[in-house]
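> how does the following fold in three dimensions:
(2 chains)
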There are 2 protein chains.
Amino acid sequence: MRKGIATVSLSGLLADKLAAVAAAGFDGIELFDNDLVASPLSPREVARRCADLGLTIDLFQPVRDLEGVAPERFGAVLHRVRTKLEVMAELGVTTFLACSHVGADARDDRDLSAEQLRRVGELAASYGVTVAFEALAWGRNLNRVGDAWDVVRRADHPAVTLAVDTFHLLARGDDGTALDGVPGDRIGFLQVADAPLLDMNVLEWSRHFRCFPGQGTLDVTGVVAAVLRAGYRGPLSLEVFSDAVREADPAGTARDAMRSLIFLEDQLAVVVDGPITSASLASAPPPPPRADAAFLEVTAGPGVPALLESLGFGVAGRHRSKPVTRWRNGRAQVVVNETPQPAGALPHALGVAAPAVEAVAARAKALLWPAVDRTRGAGEALLPGITSPSGLHVFVSAEPGAADDWQRDFDPSDADAHPDARPGAEAEIDAGWLGIDHVAVAVPPEHFDQEVAFFRTLFDLTPGSVEEFIEPHGRLRSRALRPADGDLRVVLNVEEVRPGRPRRSGITQVAFACGDVAAQVRAMRSRGVALMPVPDNYYVDLDARFGLDPEMLAELREHQLLYDRLGGGELLHAFTLPLPTGFHVELLERRGGYDGYGAAGTHVRLAAQAG
Amino acid sequence: MRKGIATVSLSGLLADKLAAVAAAGFDGIELFDNDLVASPLSPREVARRCADLGLTIDLFQPVRDLEGVAPERFGAVLHRVRTKLEVMAELGVTTFLACSHVGADARDDRDLSAEQLRRVGELAASYGVTVAFEALAWGRNLNRVGDAWDVVRRADHPAVTLAVDTFHLLARGDDGTALDGVPGDRIGFLQVADAPLLDMNVLEWSRHFRCFPGQGTLDVTGVVAAVLRAGYRGPLSLEVFSDAVREADPAGTARDAMRSLIFLEDQLAVVVDGPITSASLASAPPPPPRADAAFLEVTAGPGVPALLESLGFGVAGRHRSKPVTRWRNGRAQVVVNETPQPAGALPHALGVAAPAVEAVAARAKALLWPAVDRTRGAGEALLPGITSPSGLHVFVSAEPGAADDWQRDFDPSDADAHPDARPGAEAEIDAGWLGIDHVAVAVPPEHFDQEVAFFRTLFDLTPGSVEEFIEPHGRLRSRALRPADGDLRVVLNVEEVRPGRPRRSGITQVAFACGDVAAQVRAMRSRGVALMPVPDNYYVDLDARFGLDPEMLAELREHQLLYDRLGGGELLHAFTLPLPTGFHVELLERRGGYDGYGAAGTHVRLAAQAG
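Model (predicted):
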């Protein structure tokens, strides 16, 4: 499908926006009137600039408040429309977006609205222009897509069509079925936007919190599929505004926008059957069927080997061609990289096992996620790296035991033959840690939505809701992502801190799972690991909240464990103090299917870590 | 009245919060349970710390969800309450805040709620403790103050009282009359918070946007007055949480909080008659009856004299004892200061005429607004300077012509005898500019509420609503303040820009009023002033929107004026390009009582200035 974006979706001056949109590979734009009004370029110059950049102007938008107007003021409306039609003629654009009236003086009279819309349509037709009429979710009287369609039907003029905007439609609680019976050739334009679910004034919601498909939680795919099923074949055009986008570089926004449409096409290929499923709908390989946490990579440093040993890790192998060591504690794996890192690089990376590796790499490329520049020795496993929007390197590996298993690139150390090869190794492994439970990644606020989109579009992880915690010097906004299948859990955190305080980035916490956290904590202490002290008041509060049995409470207190209970499950966990690796380690034991992240104790942990 | 604040209202660790609250002069605190739970200090240590700092612990808060509970789960509630009562005994606090049940499983049965509250009251009484019961605005069944009072009345136990929270009460649309008939001795606690009016989920509103009295728009004074009239004599205690406060330094927050209570007492002195109006209610002199813009002060620099001359200013006098020159264009006055400024000081300041100067200075001192350090020559006018939260220096002067008029400190230049003294001077003055219309001040986001409070509490200016504009590299949030009497207009702007872009601070724009903007623009151009170019597209849009008569449109285009129309009034205005003084100058002509700031053209100006 043709891909477009509204200029209002990008920051900057009009000329910069056009350059960014063209560079990201879009076919066309919706030209936002205010962008033109504020531009020193004449309409003809804008048209020429677009043509030079290979962009069509698919829509001029918007013309507001042109129906439901008091008859004595309708002459002024026609004057306004005619003036804009003259501008559109110079621009060479043949569709304009008309929005339902939002003013307190809008008449609640559908026949009047239809009649006025018909007259606007007649005027537009005389310029060879079509009107696409949209119900704004905060329109005074017409605010659902059904209202707009009713008025378009009554207007009964070929130059008056329906505009569908996924945000406006979904924001009012409608879904794709609201378009049942609307013929595709009466849908004049399709605008696409997603948003997180927020309970707030819909106008403010729309202005500040829209996002690109894949970043929010609305069923954008369902509405777009309904529009395609109806027979619409116009452009798929993004209209997104948000505080984040206003403050972002337009080139980056344009790339985000393009990849959101690729993601959307990908989703559509699953949902829409029949003639719609053209080759263009499947421009990227599908996401991997599962995703597991494989390893953590840490940049080598003076305290690192001693630290890993104190945590119970031992050297398990050395890389055949690179200065890289593999460490293991049970099934938990850490890779220490001695290759000098460029300045500004994060001191850690994440390995994800996600079959098939080649397909994931191709998908990342199709989605425009940038690759990590790295060398691969002859005969070594394919281990492509992909850089997330916040700068995290994610390496994609085959499943353990596969022909292309990254572990085969390591010569096993004397102390640790290859797990498959040494008798009794399994039992020893089972006594250690169970693996990486989750990693927490600190993301700058302006990259939060993009980082969600990265894990969602690439690995098909599903984001949970945004949780918020108070920390002593600010707030922590947190969103966890998980795959439908596989054990990968990523928690994205935005640390909103006092101006002037440093903001952390990259992996700030690595949680390892184990079967008996009390025993493991005791062992770590005996190896000299400094664990986060837990205030005694916390245990008094635990008793108040959960009425725990005294023995259990005493054990938690003795081992300085935090505790949470949700449904039938329980979480027992402990934290190290911050480590020279730049993150701290959490050790946790999930009981009875506990599926959260210990939110009940997060404020205690944040206070202890800040102190 | 005794003044208190909840520890949840400040950022930091508990020990830092206590120190900040004591330093700001508070009498007591509400201790937030989570602050205690996360603290390494035992309850007895907290009590000792408070006593050492001269603070009482007026309230322990909150205990949640203790009424409307399924009977089989009420035993767990009593266990929880008893555990917290033990903690309170160690703390030495005798009142706790109970909040109405918010859970989906809360029973909608007032008799059950009252019975359970009575039993909690009995338990509390056995520890010598009183329960203050509050209806959270998002309580499941009990969410208005009348609901809480009804249940307290039914509980009918001396240890069960009503807690009033101005935010919760006002957020539900109630006002002080909701307390009619509630005896003062049944009000166990009064919590005070303000907020801007926002149409959003009330829980989110409460969590993120509360502010101190004087910063928001709720009628906090009305509710507090009703509570005082009922006979309540407990502490006036602030409970404010917001994103801004979470990310602010606790010492600064504590000072803001204290001055908001001084401001509130000041308002109460006007509203409450009779025995309440004790000396303690009038700790600050009243605000000035009027406030006018007197002058702009600019730090001397190489291009400044030529600039002022090109703008039509001439030297009107030199200061008797300081290297300061007074410039005049009609009634508009600019002072150029050659005194070297400390590094980081803003290159401009604002003079405000506000009688009586001594009273304003005393008021500023009582409100803890810091004074500018300056010397005053013998016999010179009192001209106290006060520093705003964002660092702007505001000098307070007597009215023109008063004995203490700051202009008398200047020897008139040859070209400009003192206005009162020279025949024909009035006519000449009338031909020039009319004065400072408004100044726009860029404020960091974290100081926005405080800067509003500065102008509101000191000069009694009234803030308008928050307006928002798109600028090419971000967003502009804007709030204008005006006095009931006088011509001072201050527009506070928060520039939310792309990370990495410099943020401006201080005065970014000075608007001067004139009688004939076209003539003045022509004169400025002839003197070589570079004015902001306005795109031709803008005039096409003006025609579309306003259907202006062609002659008028041609004149606007010729002089590159922006235009706005609101009600019966019109605004014609032009802008210079940014000047070496760090701000740009706007020249405006208000016609027919136009009372805005040209919002219709703001996006065009912002684009032109960014370009």
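> so which residues of the stretch 251-400 of chain A form strands?
Per DSSP state E, counting those that start in this stretch, the stretch 251-400 of chain A carries strands over the ranges A:292-299, A:314-319, A:324-329, A:332-337, A:348-353, A:385-387, A:393-397.
> tell me which of those sits nearest to residue B:212.
strand A:348-353 (41.8 Å; Cβ to Cβ). Glycine gets a C-beta too; all of them are placed from N, C-alpha and C.
> one step back: just send the strands of the stretch 251-400 of chain A back as CSV, with mean pLDDT and distance to residue A:46 too.
Below are the strands of the stretch 251-400 of chain A laid out as CSV (pLDDT from 0 to 100; distance: least, Cβ to Cβ, whole Å):
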stretch, mean pLDDT, distance to residue A:46
strand A:292-299, 96, 48
strand A:314-319, 94, 55
strand A:324-329, 95, 53
strand A:332-337, 96, 50
strand A:348-353, 96, 44
strand A:385-387, 96, 35
strand A:393-397, 97, 40
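> got a markdown table for the ones you listed, with distance to chain B and mean neighbour count too?
Listed next are the strands of the stretch 251-400 of chain A as a markdown table, based on distance: least, Cβ to the nearest Cβ, whole Å; neighbours: other Cβ atoms under 10 Å in any protein chain shown:
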| stretch | distance to chain B | mean neighbour count |
| --- | --- | --- |
| strand A:292-299 | 25 | 23 |
| strand A:314-319 | 35 | 18 |
| strand A:324-329 | 30 | 23 |
| strand A:332-337 | 29 | 23 |
| strand A:348-353 | 23 | 24 |
| strand A:385-387 | 18 | 20 |
| strand A:393-397 | 22 | 23 |
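> tell me which of these lies nearest to residue B:483.
strand A:385-387 (54.6 Å).
> show me what counts as buried in stretch A:501-517.
By 16 or more other Cβ atoms under 10 Å in any protein chain shown, the buried positions in stretch A:501-517 come out as A:504-514, A:517.
> correction: the previous question concerned stretch A:377-393.
If you call a residue buried by 16+ other Cβ under 10 Å, then stretch A:377-393 has these buried ones: A:380-381, A:383-393.
> show me the contacts for residue A:406.
Shown here is residue A:406, whose contacts under the criterion Cβ atoms under 8 Å, 6 or more residues apart in numbering or on different chains are A:294-295, A:351, A:381, A:383, A:395, A:397-398.
> count of neighbours near residue A:524?
19 (other Cβ atoms under 10 Å in any protein chain shown).
> hang on, the earlier thing: out of the contacts of residue A:406, who's nearest residue B:408?
The closest of the contacts of residue A:406, once distances to residue B:408 are taken by Cβ to Cβ, is residue A:395, at 76.1 Å.
> surely the closest one touches residue A:387?
No. If you go by Cβ atoms under 8 Å, residue A:395 and residue A:387 don't touch, sitting 10.8 Å apart.
> anything in contact with each of the two?
Contacts common to residue A:395 and residue A:387, judged by Cβ under 8 Å, 6+ apart, are residue A:372.
> coming back round to it: any chance of the strands of the stretch 251-400 of chain A in JSON lines, plus distance to residue A:137?
Shown next, in JSON lines, are the strands of the stretch 251-400 of chain A (distance: least, Cβ to Cβ, whole Å):
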{"stretch": "strand A:292-299", "distance to residue A:137": "40"}
{"stretch": "strand A:314-319", "distance to residue A:137": "56"}
{"stretch": "strand A:324-329", "distance to residue A:137": "53"}
{"stretch": "strand A:332-337", "distance to residue A:137": "48"}
{"stretch": "strand A:348-353", "distance to residue A:137": "38"}
{"stretch": "strand A:385-387", "distance to residue A:137": "36"}
{"stretch": "strand A:393-397", "distance to residue A:137": "37"}
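> quick one, which of the ones you listed gets closest to residue B:413.
Closest among those, using Cβ to Cβ: strand A:385-387, at 65.0 Å.
> on contacts alone, who are the packing partners of that closest one?
Other helices and strands packing on strand A:385-387, by 3 or more Cβ pairs under 8 Å, 6 or more residues apart in numbering or on different chains; DSSP states H and E, are strand A:393-397.
> so what strands line up beside the strand it packs on?
strand A:348-353 (parallel), strand A:385-387 (antiparallel) (DSSP bridges).
> phi, psi of the residue in chain A sticking out farthest from the centre?
Computed with Cα atoms, centre = their mean, the residue of chain A farthest from its C-alpha average is residue A:72, at 48.8 Å. Per-residue torsions, residue A:72: phi -70, psi -10 (degrees, to the nearest 10).
> got the contact list for it?
Contacts of residue A:72 (Cβ under 8 Å, 6+ apart): none.
> what of residue A:89?
residue A:127.
> give the buried residues for stretch A:459-477.
Buried, per 16+ other Cβ under 10 Å, within stretch A:459-477: A:459-461, A:463, A:466-467, A:470-477.
> please see if that stretch touches chain B.
Yes. Using Cβ under 8 Å from any Cβ of the partner chain, stretch A:459-477 comes into contact with chain B via A:468, A:470, A:472-475.
> which positions in the stretch 401-550 of chain A make contact with chain B?
Neighbours of chain B within the stretch 401-550 of chain A, by Cβ under 8 Å from any Cβ: A:444, A:446, A:468, A:470, A:472-475, A:496-499, A:533, A:535-538, A:540-541, A:543-545, A:547.
> so which of those residues belong to helices?
The members of those that map onto helices under DSSP state H are A:536-538, A:540-541, A:543-545.
> check residue A:466 and give its pLDDT.
Residue A:466 carries a pLDDT score of 89 in this model.
> residues near the closest residue in space to it that isn't next to it in sequence, how many?
Excluding its sequence neighbours, the residue lying closest to residue A:466 (Cβ to Cβ, 6 or more residues apart in numbering or on different chains) is residue A:479, at 5.1 Å. Residues within reach of residue A:479, counting by other Cβ under 10 Å, total 21.
> for residue A:479, which three-state class applies?
What DSSP: H, G, I helix; E, B strand; the rest coil gives for residue A:479 is strand.
> pull out the buried members of the residues of the stretch 401-550 of chain A next to chain B.
Among these, those classed as buried by neighbour count (16+ other Cβ under 10 Å) are A:444, A:446, A:470, A:472-475, A:496-498, A:535, A:537-538, A:540-541, A:543-545.
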